[in-house]
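Q: I'll drop the sequence and a predicted model, then ask my questions.
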2 protein chains.
Amino acid sequence: MEQNQVNIFLVGTAGSGKTALTQAFNEWLKERGLDVVVVNLDPGVELLPYAPEIDVREWICVPDVMEKYGVGPNGAQILSADLIAVKFQEIVDILDEQRAQYVLFDTPGQIELFAYRQASKVVLEAMGEQNSIISFLFDPVLSSTPSGFVSLLMLSASIQFRFATPFINILSKSDLLGEDKVEAAVEWSTDFSALYDALLSEKYDMQNEANIEFFRALEGMGTTSKLIPASSKTYVGLEDIYNSIQQTFFAGEDTMPD
Amino acid sequence: MEQNQVNIFLVGTAGSGKTALTQAFNEWLKERGLDVVVVNLDPGVELLPYAPEIDVREWICVPDVMEKYGVGPNGAQILSADLIAVKFQEIVDILDEQRAQYVLFDTPGQIELFAYRQASKVVLEAMGEQNSIISFLFDPVLSSTPSGFVSLLMLSASIQFRFATPFINILSKSDLLGEDKVEAAVEWSTDFSALYDALLSEKYDMQNEANIEFFRALEGMGTTSKLIPASSKTYVGLEDIYNSIQQTFFAGEDTMPD
């Protein structure tokens, strides 16, 4: 892989807005004259709102896998995700030729196909874990209750532990939430006493010993990353994502053409 | 719901062995004269190795949803999972008539369809969170490396936080792992210094500040539950699961007929 190339993986639960954010961020980067390539890594997606430069469905596609291997939709999705590893060198070769500054990866609809299967390890190792960043999308509905927010924090932490890449947490589809909900979620990501109070006022059962332990545990790990609210509709937050990526890889140096 | 009825939800990542364990535990309980009903909650499963007393596919089935709503396999799985909430009262009514001692729920193939969608909240509230237990299956492949094991611990913790039910962690398909791997995983679940040493010897980058924080965090929360190795092939561990459930709900009292 090109030394200064940055690979951005958009990861999140089904419906969290990975594809829409891929499209919006791709356009945002291109409007600024930056050199971007988009890779669709979801073999099961039906319609894409953008035209990816590279599309894994040219090699593997869930409906074909269902037919070819005689498996149902469950099995075909897993098999397709695993087959990505087998075909991935061909994608790497194309990317090597293109030498883009930024490569955006739109990952499979359901998060575990990326997060907990071996193929994603192969993909990240091929792209270089230190040149890659995982953008974890917080679903806005789950993020609007304190206990849902905590579940997502832990899911995010689980994926952070699995991959040795830099990581950012994004509050996706922030336009769907009122300003107060957005502010609350951002506050919870940096201030655990606020999150604790919110859980109590949600009548979440913090008397439960295990839950108190979880919470203390979270306090140690969640504080490292401030949630970035972003919307692929209004483009709010896209600059913040860009700046955060620049900060991570280039210590804030701007790569935009003059 | 019947006062003393216990609802057992088998939850785990795709391929972790939920369906096979549902079948094995169902047979194990029935062989002991216990009154069990099995509910298949996976609208996308193609073939089941058992005949469930109640099958969600009678109401909702992924291939039909694909056709009826004109959506692809991704969208159909999500839509089907969400539709379970709408139909669930009908399942509750049937269960109320049957008055079984144990109800085993085989959940959708991909964990997030159960863990992070609203329908599962509806299901658990209808069944009674305090009469229900989530059995979280650790995939044997992920569990055989220390960093994979940590990811699963965190995923498990995330789900524990989301639901107010009792919880057990099971090392699934333990027959696929050598005895030393099984012993190691069980040790890691109760002894964090052993897990820490194993991470170091895996050359996992514990120098990374964030990873150290994660680990400290885990130390606070993971110790509460000892992993139970189980195999749906050899039936190893099924009695341990049963005993753990009895301990949770009846403080160890045996409900088996004499």
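A: Yes, it's here.
Q: Can you give the contact residues for the host helix or strand of A:V11?
A: Using DSSP states H and E, the element containing A:V11 is strand A:6-12. With contact meaning Cβ atoms under 8 Å, 6 or more residues apart in numbering or on different chains, strand A:6-12 is reached by A:1, A:18, A:21-22, A:25, A:101-107, A:111, A:114-115, A:124, A:127-128, A:131-139, A:159, A:165, A:172, A:245, A:249. C-beta: built from backbone N, CA, C; applies to glycine.
Q: Filter those down to the ones in strands?
A: Applying DSSP state E to the contacts of strand A:6-12, the entries found in strands are A:102-106, A:132-138.
Q: Among these, which one has the most neighbours?
A: Of all the ones in strands among the contacts of strand A:6-12, the highest neighbour tally under other Cβ atoms under 10 Å in any protein chain shown goes to A:F138, namely 30 neighbours.
Q: dump the residue contacts of that residue.
A: A:12, A:16, A:149, A:152, A:156, A:169-172, A:185, A:227.
Q: 6 Å - rerun?
A: A:152, A:171 (Cβ atoms under 6 Å, 6 or more residues apart in numbering or on different chains).
Q: From chain B, how far out is it?
A: 11 Å (Cβ to the nearest Cβ, to the nearest Å).
Q: Equivalent analysis for A:I111, please.
A: 6 Å.
Q: okay, now that residue: neighbour count?
A: With other Cβ under 10 Å as criterion, A:I111 counts 24.
Q: Let me see the contact set for it.
A: By Cβ under 6 Å, 6+ apart, A:I111 lies in contact with A:13, B:112.
Q: any idea what sits nearest A:A185, other than its immediate chain neighbours?
A: Leaving out its chain neighbours, the residue that sits closest to A:A185 by Cβ to Cβ, 6 or more residues apart in numbering or on different chains is A:S143, at 4.8 Å.
Q: no wait, A:G33
A: Closest residue to A:G33 apart from its sequence neighbours, by Cβ to Cβ, 6+ apart: A:P257 at 4.5 Å.
Q: where does the one you found land in three-state SS?
A: coil (DSSP: H, G, I helix; E, B strand; the rest coil).
Q: That one contacts A:R32, correct?
A: No. A:P257 is beyond contact range of A:R32, at 8.0 Å (criterion: Cβ atoms under 6 Å).
Q: The two: who's more crowded?
A: A:R32 (15 against 8).
Q: Excluding covalently adjacent residues, which one is nearest to A:L195?
A: That would be A:W188: by Cβ to Cβ, 6+ apart, it lies 4.1 Å from A:L195.
Q: Name the residues of the helix or strand encompassing the one you found that are buried.
A: Under the criterion of DSSP H and E, A:W188 resides in helix A:179-190. When burial is assessed from 16 or more other Cβ atoms under 10 Å in any protein chain shown, helix A:179-190 yields the following buried residues: A:181-182, A:184-186, A:188-189.
Q: Excluding its own residues, what touches stretch A:94-102? List them.
A: A:2, A:6, A:29, A:34-37, A:54.
Q: how about the ones in strands among the contacts of strand A:6-12 in JSON lines, adding pLDDT?
A: Listed next are those as JSON lines, based on pLDDT from 0 to 100:
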{"residue": "A:Y102", "pLDDT": "97"}
{"residue": "A:V103", "pLDDT": "98"}
{"residue": "A:L104", "pLDDT": "98"}
{"residue": "A:F105", "pLDDT": "98"}
{"residue": "A:D106", "pLDDT": "97"}
{"residue": "A:S132", "pLDDT": "96"}
{"residue": "A:I133", "pLDDT": "97"}
{"residue": "A:I134", "pLDDT": "96"}
{"residue": "A:S135", "pLDDT": "97"}
{"residue": "A:F136", "pLDDT": "97"}
{"residue": "A:L137", "pLDDT": "97"}
{"residue": "A:F138", "pLDDT": "97"}
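Q: coming back round to it: who are the packing partners of whichever helix or strand comes after the helix holding A:W188?
A: Counting by DSSP H and E, the next helix or strand C-terminal to helix A:179-190 is helix A:192-201. Counting by 3 or more Cβ pairs under 6 Å, 6 or more residues apart in numbering or on different chains; DSSP states H and E, the packing neighbours recorded for helix A:192-201 are helix A:179-190.
Q: For the helix it packs on, what does the pLDDT average out to?
A: For helix A:179-190, the mean per-residue pLDDT is 95.
Q: That one - contacts with which helices or strands?
A: The helices and strands touching helix A:179-190, judged by 3+ Cβ pairs under 6 Å, 6+ apart, are helix A:192-201.
Q: how about the helices in the stretch 51-200 of chain A?
A: Under the criterion DSSP state H, counting those that start in this stretch, the stretch 51-200 of chain A contains helices at A:62-69, A:73-98, A:111-115, A:118-127, A:140-143, A:146-162, A:179-190, A:192-201.
Q: Of those helices, flag the one that's most buried.
A: helix A:111-115 (a mean of 26; mean count of other Cβ atoms under 10 Å in any protein chain shown).
Q: Put the alpha carbons of it into PDB.
A: What follows is helix A:111-115, C-alpha atoms only, in PDB (Å, rounded to 0.1, in the frame of the first residue of the first chain):
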ATOM      1  CA  ILE A 111     -21.700  -5.400  11.700                       C
ATOM      2  CA  GLU A 112     -20.700  -8.900  12.900                       C
ATOM      3  CA  LEU A 113     -19.900 -10.000   9.300                       C
ATOM      4  CA  PHE A 114     -17.100  -7.400   9.500                       C
ATOM      5  CA  ALA A 115     -16.300  -7.300  13.200                       C
END
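Q: how distant is it from the center of its chain?
A: 10 Å (Cα atoms, centre = their mean, to the nearest Å).
Q: For A:I133, list each beta-bridge partner.
A: A:I8 (DSSP bridges).
Q: correct me, but it touches A:P166?
A: Yes. Counting by Cβ under 6 Å, A:P166 is a contact partner of A:I133 at 4.6 Å.
Q: Tell me if I am right that A:S16 is in a helix.
A: No. Assessed with three-state DSSP, A:S16 is coil; it does not lie in a helix.
Q: if we can go back for a sec, would you list the buried entries among the contacts of stretch A:94-102?
A: For the contacts of stretch A:94-102, buried by 16+ other Cβ under 10 Å: A:6, A:29, A:34, A:36-37, A:54.
Q: ok, which pair from the residues you listed is furthest apart?
A: Within those, A:L34 and A:I54 form the most distant pair, 17.4 Å apart (Cβ to Cβ).
Q: quick one: pLDDT of A:T234?
A: pLDDT, A:T234: 97.
Q: quick one, phi psi at it?
A: phi -100, psi -10 (degrees, to the nearest 10).
Q: contacting residues for the residue nearest to it when sequence neighbours are not counted?
A: Nearest non-adjacent residue to A:T234, counting by Cβ to Cβ, 6+ apart: A:D175, 5.3 Å away. Residues in contact with A:D175 (Cβ under 6 Å, 6+ apart) are A:231, A:233-234.
Q: Could you report the distance from the closest residue to A:W59 other than its chain neighbours to chain B?
A: Once flanking residues are discounted, A:W59 sits nearest to A:K87: 4.3 Å by Cβ to Cβ, 6+ apart. A:K87 sits 19 Å away from chain B, taking Cβ to the nearest Cβ as the criterion.
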